[in-house]
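# Below are the sequence and a predicted model; questions follow.
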Amino acid sequence: MLSAESKEKLTNWSGNLEYGTEQLTPATSQAEVQQFVKDHNSFKVLGTRHCFNDIANTRNEFLSLKPQDQVIALDKSARTVTIEAGMTYGQLAPYLHQNGFALHNLASLPHISVAGACTTATHGSGEKNGNLSTAVSALEFVIASGEVRTLSREKDEENFKGAVVGLGALGVITKITLDLQPTFMMQQWVYENLPLDQLTKNFDAIEAAGYSVSLFTDWRERSINEVWIKSRMDVGFKAAPEFYGGKLATRNLHPIIELSAENCTGQMGVPGPWYERLPHFRMGFTPSAGKELQSEYFVPREHALDAILAVQRLNEMVSPHLLISEIRTIAADDLWMSTCYKRPSVTIHFTWKQDWPAVNKVLPVIERELEPLQVRPHWGKLFAMSREKLQSRYDKLPEFVALCNEFDPKGKFRNEFLNRNIFRT
């Protein structure tokens, strides 16, 4: 028997968004999910609450799959793992490593749910690494009728491409299958104060220096505050005292230099397994700054320097409201609603101070500067882009809407965010 949890105020992770209802019902089995779907006309699934906008919000009722967080099957010959939708990367990664496997990439923090990260095209970094959803090879979800539907890359190629980054609009994901690779060890090195002119002259070489490279800047000076290079030990980054004018750090650092590095993953070249180096933050610690706002913009890889220099020109407007920015590269994919659909991309991420009135004024200015570069905003973060511009960025939007209408003809899984940005004409 399903029962709603206590009526405490529900907020997202950073506290900037208070959800529209306190009604939260946990489901402990697929049968309970099916019954809940049949019994409700409008609701949303609430995961680890790391979205900064209202993509997961509702005024009606929430369903939680947090109790369903187990590994269902590890297929060593096929190199896949199938898990329940409530599992986080922090839970899954050590299990995979202990069994000799790894994922191709991880986001900057491991606290997020696998299903939620994949359905919003969340990503890590790397010239050859696709976002997290590119590891998905099969999805099982409950559609609006209460029926269980399975889609796989092998058997349902086109519909599968539309469903993986589903934005919560197709149904309740209950199981997800991921591609694996053999486990590997990594090292992480940090360089400080890399000059901006060196970045513009050597961007490709800098981004190719490691398996995953992150550039952190507050835009105050014409330099990159920190360069985080994550390198596989079987390939090997040869750390030198200087890297394109940046100086090798002599102590562990937080991306926000004033904060303690205690909650960050190991640096200084200390070896560690992939899941303890690919994220920036350690499981069990508060990620990043805590109370903050986040925005992120994707542009085609060939426009990387134009985008970086455009934001640099806005430094006097951006910097006073900023904690830190991060610049990363991500490989192209073929998932319809992915922010990297059909184009290798560079992202510029903004971690803002929690001052929404100020940030709300800055976002339209940033978007206007990046508009000529065919910018796409992160689905789960704050943006100001109009519905018309957002829709123009996705060639497969009509097919996606048709797929949603097939699986959810009465809009049971829609909310204000989806209606505002995807469905209403």
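Looks like it came in fine.
# Helices along the stretch 201-350 of the chain, start to end?
Secondary structure of the stretch 201-350 of the chain by DSSP state H, counting those that start in this stretch: the helices cover 304-312, 315-318.
# can you list these in CSV and add distance to Arg343, mean pLDDT and mean neighbour count?
For the C-beta atoms, the positions are set from N, CA and C on the backbone; glycine is no exception. Formatted as CSV, the helices of the stretch 201-350 of the chain follow (distance: least, C-beta to C-beta, whole Å; pLDDT from 0 to 100; neighbours: other C-beta atoms under 10 Å):
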stretch, distance to Arg343, mean pLDDT, mean neighbour count
helix 304-312, 12, 98, 18
helix 315-318, 25, 97, 16
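# To Glu371, which of the ones you listed lies closest?
Ranking these by proximity to Glu371 (C-beta to C-beta) places helix 304-312 first, at 9.8 Å.
# how much space between the residue positioned nearest the centre of the chain and Gln391?
The chain has Thr122 as the residue nearest its centroid, 2.1 Å off, counting by C-alpha atoms, centre = their mean. Taking C-beta to C-beta, to the nearest Å as the measure, Thr122 falls 21 Å from Gln391.
# Check the secondary structure at Gln91 for me.
Under DSSP: H, G, I helix; E, B strand; the rest coil, Gln91 falls in the helix class.
# so it makes contact with Gln70?
No. Contact criterion C-beta atoms under 8 Å: Gln91 and Gln70 do not qualify, at 9.0 Å.
# okay, now the closest residue to Met268 other than its chain neighbours: neighbour count?
Leaving aside its chain neighbours, Met268 sits nearest to Asn252 (6.5 Å; criterion: C-beta to C-beta, 6 or more residues apart in numbering). The tally of other residues near Asn252 (other C-beta atoms under 10 Å) stands at 16.
# Give me the phi and psi angles of Asn252.
Phi and psi for Asn252, reported as degrees, to the nearest 10, are phi -70, psi 140.
# In contact with Arg414, which residues?
Applying C-beta atoms under 8 Å, 6 or more residues apart in numbering, we find Arg414 in contact with 42, 169, 408, 423.
# Buried only: go through those residues for me.
Buried members of the contacts of Arg414, scored by 16 or more other C-beta atoms under 10 Å, are 169, 408.
# Now do the strands in the stretch 1-150 of the chain.
Ranges of strands in the stretch 1-150 of the chain, per DSSP state E, counting those that start in this stretch, are 24-26, 44-45, 62-64, 71-75, 80-84, 101-102, 136-142, 148-152.
# residues near Ala369, how many?
Heads up, residue 369 is Glu, not Ala. Glu369, neighbours per other C-beta under 10 Å, totals 18.
# Work out for me the element it sits within.
Assigned by DSSP states H and E, Glu369 belongs to helix 356-370.
# Counting by contacts, list what that helix packs against.
strand 293-300, helix 304-312, helix 315-318 (3 or more C-beta pairs under 8 Å, 6 or more residues apart in numbering; DSSP states H and E).
# The first one pairs with which strands?
What that stands for is strand 293-300. strand 345-352 (antiparallel), strand 376-377 (antiparallel) (DSSP bridges).
# C-alpha coordinates for it, PDB please?
Provided in PDB are the C-alpha atoms of strand 293-300 (Å, rounded to 0.1, in the frame of the first residue of the first chain):
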ATOM      1  CA  LEU A 293      22.500  28.800  -8.400                       C
ATOM      2  CA  GLN A 294      23.700  27.200 -11.600                       C
ATOM      3  CA  SER A 295      23.400  27.900 -15.400                       C
ATOM      4  CA  GLU A 296      25.200  26.200 -18.300                       C
ATOM      5  CA  TYR A 297      25.400  26.900 -22.000                       C
ATOM      6  CA  PHE A 298      26.500  24.600 -24.800                       C
ATOM      7  CA  VAL A 299      28.000  25.800 -28.100                       C
ATOM      8  CA  PRO A 300      29.400  23.800 -31.000                       C
END
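# how far out from the middle of the chain is that strand?
With C-alpha atoms, centre = their mean, to the nearest Å as the basis, strand 293-300 stands 11 Å off its chain's centre.
# Could you pull up the mean pLDDT of that strand?
Regarding strand 293-300, the rounded mean pLDDT is 98.
# which outside residues touch that strand?
Defining contact as C-beta under 8 Å, 6+ apart, one finds that strand 293-300 is touched by 14, 16, 52, 306-307, 330, 339-340, 343-356, 359, 363, 366-367, 370, 373-378, 381-383.
# returning to what we had before: can you list the contacts of Arg414 in CSV and add pLDDT?
Formatted as CSV, the contacts of Arg414 follow (pLDDT from 0 to 100):
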residue, pLDDT
Ser42, 97
Ala169, 97
Asp408, 97
Phe423, 94
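# what ranges of the stretch 301-425 of the chain fall below the confidence cut-off?
Counting by pLDDT under 70, the stretch 301-425 of the chain contains low-confidence ranges at 425.
# just the angle between the helix holding Glu369 and helix 304-312, please?
Relative orientation of helix 356-370 versus helix 304-312 (axes from the mean of the first three to the mean of the last three C-alpha atoms, to 10 degrees): 140 degrees.
# Verify the stated contact: Thr177 with Arg79.
No. Judged on C-beta under 8 Å, Thr177 makes no contact with Arg79 at a distance of 10.9 Å.
# For the two, work out which one has more neighbours and name it.
Shown here are Thr177 and Arg79; by other C-beta under 10 Å, Thr177 has more neighbours (21 against 14).
# Toward the C-terminus, what is the element adjacent to the helix or strand that contains the more buried one?
Remark: Thr177 resides in strand 172-179, with elements defined by DSSP H and E. Sequence-wise, the next helix or strand beyond strand 172-179 is strand 181-182, with elements assigned using DSSP H and E.
# quick one on the thing from earlier: nearest to Lys38, of the strands of the stretch 1-150 of the chain?
strand 136-142 (9.1 Å).
# ok, Cys51 - contacts?
12, 17, 116, 120, 380-381.
# where's it relative to Gln181, distance?
Per C-beta to C-beta, Cys51 is found 28 Å from Gln181.
# what do you get for Glu276?
Per C-beta to C-beta, Glu276 is found 17 Å from Gln181.
# what do you get for Met233?
In terms of C-beta to C-beta, Met233 sits 15 Å off from Gln181.
# who's more crowded, the two?
Using other C-beta under 10 Å as the criterion, Met233 and Gln181 rank with Met233 on top: 16 against 13.
# I'd guessed that one sits against Val270; true?
No. Met233 is beyond contact range of Val270, at 11.0 Å (criterion: C-beta under 8 Å).
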